[in-house]
Each structure stands twice: as structure tokens, then as C-alpha cells.
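In: Take this sequence and fold it.
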Amino acid sequence: MNCGGIFDYVGKSEKLEELDAQTADPEFWNDNDKAKLVLREQATIKKIIESLDEVSQSFADARDLYELAREESDDDSIRDAWAQLQSTEAVTAKMEFQRMLSGPHDAAGALVSINAGAGGVDSQDWAEMLLRMYQRWGERQGYTVKLLDIQEGEQAGIRGAELSIDGEYAYGHLRSEIGVHRLVRISPFDSQARRQTSFASVMALPELDEDMESDIEVADSELRIDKFRASGAGGQHVNKTESAVRLTHLETGIVVACQMERSQHKNMATAMRMLKAKLWDLKQKERNAEIAALEGDKKSIEWGSQIRSYVIHPYRQVNDHRSELKVSNVDAVLDGELQPFMEAFLLGDEEDEA
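Out: Below is the predicted model of the structure:
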């Protein structure tokens, strides 16, 4: 049966044939950017079809082994068949989760912004904890994680940071994290050891592909370009030259910065990519009055607007206020164990759309 989405075997096979025909065209490489997009889509669909073939074959093999073992009363083979079926079920469940990542940009990498909110130095410390949490999550998933920009706090923590998390379906996962995150703990910065509630916001945007990026044109006259010496966790070399770049888009007031590369040229290119992603997002919102799932509802970074609470005192629990999932191992979550929350949110999101 055709279950749609990632399980649409017939549709994906037909699409692959169409892409194969395009790559066989002698004029295929006349448009280099378009060719790269086609090859990327071709590789993705091939991988899905191969996975479906493997799952189907594994299930058929396990079924045949079970039938034969039952006829021969071979208990060891029956157990082997059962283990193979369980393994096949786990692979299918993973593919089923990918089916929920079927948004137009879910397969893209992500640009993540983290900003401290209400709560003073505690919120800046909390923003730094969130930064580490998403870095650890990305590393756990095998993604390429790069810190693009960071604004250090005066006393501790950070005022804000920008991350690039590059890998298949990174944005599809991270759109579940968009919103305000609340921390409750005994403040390490309070001499009277009082309980403190802190807030920080997380935003995520999809990395633009070449085709989407080419739709956004930014003239030099539209920009104010500031070059400065980098600071923070970029290594000692970052302070020696004015390699950091800050771009201000004069019409919209959008500001982006990149300071984590040795090369000013590379920082400029990355900052421009970040700016175009934010301008593209703004353009999408102007076209569509419905606040999309790309950035979520804009809310104050304060009490009452949080999507998730992380409580360390007086008890220990992470509570997602959308899916109502609660986890008691706070340390594991802060170390990047976010998959249960992402899956619960995406499952609920799909049910709401059904």
C-alpha cells in the first residue's frame, strides 16, 4: 500500500526516473547551480528507495525464516526471525519519523539563534547552557556544528549566539525548538542562594539552497559593513586582525555577524548567507499573513510564553508545555538528549494537521 510521504515508493521511483533523465541530458551542466540541486535531490530519493527496498527484503527474509523454522520446530531460528523482525520494525519506525519531516524545508540544514531574555546574568548563563545543549545535540546526530557569532555577557554567560547546524533534516528537527525556554534553579550568582527563573529564546531558520538564495538580492548600497577584531571562543588568532564582519541591512534593520573564521572573506560570505536567510524569512512572512512554522510566534522572552521548562530546584524535571512530555533526567537533556521532545512535538504537530 502507498502510505504517502517517504513511503510513496511508486511516486519516488517515477521521480527518480525523471531526475535520471535530466542528468543524462548533454546540456545538464549548462546551469551549474540547477545541476547541483538536481543531483542532491537525486541522491536523497535514491537513499530513500534503497532503504525501502532493504526494509521490504528484510521483512520478507524474516517472514520466510519464521515459516520455515515453525515447520521444523526450530526454536533458535524462530528467535532469530523474531530478532530480525524487531530490527526491521526499528528501521521502519525511524523512517516513519522522517515521514513527519515532510515540510518544504525540513531536509535543510539550520541556522539557530539563541538570545538571553528576562533574568539578567542568570538568563545570560542560561543562554550559554542552551548553546552547549544544541551543540551537543548536533554532535550526537553526526551533524556539522559551527559557532558563527557570539556576544559575551558582561559578568557571565552570553547575550546571544548564532549556530550553523548542517546535516540532513537538521531544520526539520530544530523547528520543534523554536520559542522561549525557561530555567528554574538556585542562582549561582545570588549570594543569598535564592531561587531564580530565567528565560532565553531559540529561533531556527532553514539554510537556503542556491535557488532560494539567488531569489534574494542585496546591493552594497543597502548595507552597512563593519569590520572588527573578533572576541570570545574563536582561538587566540581571532584577535590579531579585523577578521570579524557585521552586516546591517539598512531598510529592515536586520543585523548579522560572523567572527569565527580566520579569513575575513569567509566571515563575510557566511554573514551574507545568514542575512539572506533572515531576509528570505521576512519575505515569506510578508507574502503570507499566517505566521509560519519557520520561526514560530514572536513572543516576549519572559514568563507565560515558554514552550519548555527546565526545573533544577525544588525538583528536577524538564516539561514540554506543548506535547506535555516530562523527563526527570535534566542533566541528559542539557547534554543534548533532545530527541524525545522533538519526536513528541512533531507527532503532535502532524496530528493537529490531520
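
In: can you list the weak-confidence ranges in the stretch 1-150 of the chain?
Out: In the predicted model, the stretch 1-150 of the chain carries pLDDT under 70 at residues 1-7.

In: what are the ranges of the strands in it?
Out: Applying DSSP state E, counting those that start in this stretch to the stretch 1-150 of the chain gives strands spanning 110-116, 144-152.

In: ditto for the stretch 201-350 of the chain
Out: So, for the stretch 201-350 of the chain - with DSSP E, counting those that start in this stretch - the strands run 223-228, 244-249, 255-258, 306-311, 317-320, 326-327.

In: how about those in JSON lines, adding mean pLDDT and distance to Gly157?
Out: All C-beta atoms are positioned from the backbone trio N, CA, C, and that covers glycine. Shown next, in JSON lines, are the strands of the stretch 201-350 of the chain (pLDDT from 0 to 100; distance: least, C-beta to C-beta, whole Å):
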{"stretch": "strand 223-228", "mean pLDDT": "90", "distance to Gly157": "21"}
{"stretch": "strand 244-249", "mean pLDDT": "92", "distance to Gly157": "20"}
{"stretch": "strand 255-258", "mean pLDDT": "92", "distance to Gly157": "18"}
{"stretch": "strand 306-311", "mean pLDDT": "96", "distance to Gly157": "15"}
{"stretch": "strand 317-320", "mean pLDDT": "98", "distance to Gly157": "20"}
{"stretch": "strand 326-327", "mean pLDDT": "97", "distance to Gly157": "24"}
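
In: could those be laid out in a markdown table, adding distance to Trp29 and mean neighbour count?
Out: Output for the strands of the stretch 201-350 of the chain, formatted as a markdown table (distance: least, C-beta to C-beta, whole Å; neighbours: other C-beta atoms under 10 Å):
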| stretch | distance to Trp29 | mean neighbour count |
| --- | --- | --- |
| strand 223-228 | 33 | 12 |
| strand 244-249 | 33 | 20 |
| strand 255-258 | 31 | 23 |
| strand 306-311 | 45 | 21 |
| strand 317-320 | 47 | 18 |
| strand 326-327 | 50 | 14 |
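
In: returning to that earlier point: looking at the strands of the stretch 1-150 of the chain, spot the one closest to Ser191.
Out: Taking C-beta to C-beta, strand 110-116 is the member of the strands of the stretch 1-150 of the chain nearest to Ser191, at 21.1 Å.

In: contacts for that closest one?
Out: When contacts are defined by C-beta atoms under 8 Å, 6 or more residues apart in numbering, strand 110-116 is touched by residues 123-124, 126-127, 130-131, 134, 148, 153, 157-166, 170-171, 174, 177, 199-207, 274, 277, 301.

In: would you put the C-alpha positions of it in PDB?
Out: Taking Å, rounded to 0.1, in the frame of the first residue of the first chain, the C-alpha atoms of strand 110-116 are listed here in PDB:
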ATOM      1  CA  ALA A 110      19.600  25.100  10.100                       C
ATOM      2  CA  LEU A 111      20.700  28.500  11.400                       C
ATOM      3  CA  VAL A 112      20.000  28.700  15.100                       C
ATOM      4  CA  SER A 113      19.900  31.900  17.100                       C
ATOM      5  CA  ILE A 114      19.900  31.900  20.900                       C
ATOM      6  CA  ASN A 115      19.200  35.100  22.900                       C
ATOM      7  CA  ALA A 116      19.100  35.800  26.600                       C
END
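
In: any idea of the angle that strand forms with strand 144-152?
Out: Strand 110-116 and strand 144-152 are oriented at 30 degrees to each other (axes from the mean of the first three to the mean of the last three C-alpha atoms, to 10 degrees).
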